[in-house]
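Participant: Output the structure for:
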Amino acid sequence: MNDEIGAVDLHDEILRSPRRTLQFWSAMALGLGLMGIGLALYGLLRAPSDAWAPEGVARLVPPLLYGVLAFVVLMNYYVAQKDAVIRGLQQELVQQKIEAELNRELALLDPITEVYNRRYLRMILSKEISRVKRYGKGLSVMMVDVTGFRRVNESLGQMGGDVVLKQIAHIIQVGIRNSDYIVRFGGDEFLVVLPDTDDANVNMLAGRLKESFREWARRSGMTEFNLRFAIGVARFVPDRPVDEILKLAEQRMGMDKQKAEAPALEKEQAPAAAPKAQA
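Facilitator: Next up, the predicted model:
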């Protein structure tokens, strides 16, 4: 934050510098012009009396007029140049601010799944907890783990696993609201922050996500890996630290994960059927 404020102050200083230069030269040109007019008047006052005759004054008008016009033209040219410099600097400043904002946004995104990373999680929770304390709204967190994802990496390789992980993040992103946040919490774990959500809506969302995941697995031919969503939900309580809320969601996710893996373990541990007796 301090770096961003320092950068803005530096850009403002860059813009103020040409303005100060313009003001300095404008004052200098005005001073020289007034000095020239004073010298001209002084010369006329010290000139012989015949210089004030109509013929003498008429001879002074053309060069004086040309001098004034030249002075005005030069000042307009100078001011136009300085305005162009300031406009260019302002456009450059806007571009730099846009690039800085994009870079800041990219620094908060996970490069593989393109959802928020854990660096941004604390900022999200701090903002939403402040809203809870101010308005009394509800706040829940949902921990999502993809069980069996190691088999995907072993079969498809790291790059193939990254593609699958990005698709999984997209499934979650599509299933939640625009006001919700999805964060890549770990390797194949995601955390969803759900503002203004009660327990019933959280349970409905969990069911929809699991169904969407199963449908995606069937559609994309991923059923052979037997992937499952394990989900754990915890509700924010003002008198409980955030780390405890996250830990509770992770524990409940682990329980759901064990429940999902139990049928597969039972199938693997089941005794083989006895061979048929030969006739």
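Participant: Any buried residues in the helix or strand containing residue 128, and which?
Facilitator: Assigned by DSSP states H and E, residue 128 belongs to helix 118-135. Buried residues in helix 118-135, counting neighbours by 16 or more other Cβ atoms under 10 Å, are found at 120, 121, 124, 125, 128, 129, 132. From N, CA and C alone the C-beta is placed, and that goes for glycine too.
Participant: Look up the closest residue to the first one, ignoring the ones flanking it.
Facilitator: I take that to be residue 120. In space, not counting the residues next to it along the chain, residue 120 is nearest to residue 108; the distance is 4.2 Å by Cβ to Cβ, 6 or more residues apart in numbering.
Participant: ok, that neighbour - how many residues close by?
Facilitator: 17 (other Cβ atoms under 10 Å).
Participant: Residue 225 versus that one, what's the distance?
Facilitator: Noted for residue 108: a distance of 30 Å to residue 225, by Cβ to Cβ, to the nearest Å.
Participant: quick one: the residue nearest to residue 120 from residue 184, how far?
Facilitator: Shown here: residue 108 relative to residue 184, a distance of 11 Å by Cβ to Cβ.
Participant: Touching both of those two, which residues are there?
Facilitator: When contacts are counted by Cβ atoms under 8 Å, 6 or more residues apart in numbering, residue 108 and residue 184 have 116, 117 as shared neighbours.
Participant: What are the boundaries of the strands in the stretch 101-250 of the chain?
Facilitator: Chain-ordered strands for the stretch 101-250 of the chain, with DSSP state E, counting those that start in this stretch as the definition, fall at 139-147, 181-184, 189-195, 228-235.
Participant: These: which one's closest to residue 73?
Facilitator: Residue 73 sits nearest to strand 181-184 of all the strands of the stretch 101-250 of the chain, at 60.2 Å, using Cβ to Cβ.
Participant: Does anything pack onto that closest one? Which helices or strands?
Facilitator: Using 3 or more Cβ pairs under 8 Å, 6 or more residues apart in numbering; DSSP states H and E as the contact test, the elements touching strand 181-184 are helix 118-135, helix 149-175, strand 189-195.
Participant: With mean pLDDT and distance to residue 91 as extra columns, can I get the ones you listed in JSON lines?
Facilitator: Conversion of the helices and strands packed on strand 181-184 to JSON lines gives the following (pLDDT from 0 to 100; distance: least, Cβ to Cβ, whole Å):
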{"stretch": "helix 118-135", "mean pLDDT": "88", "distance to residue 91": "30"}
{"stretch": "helix 149-175", "mean pLDDT": "91", "distance to residue 91": "35"}
{"stretch": "strand 189-195", "mean pLDDT": "95", "distance to residue 91": "38"}
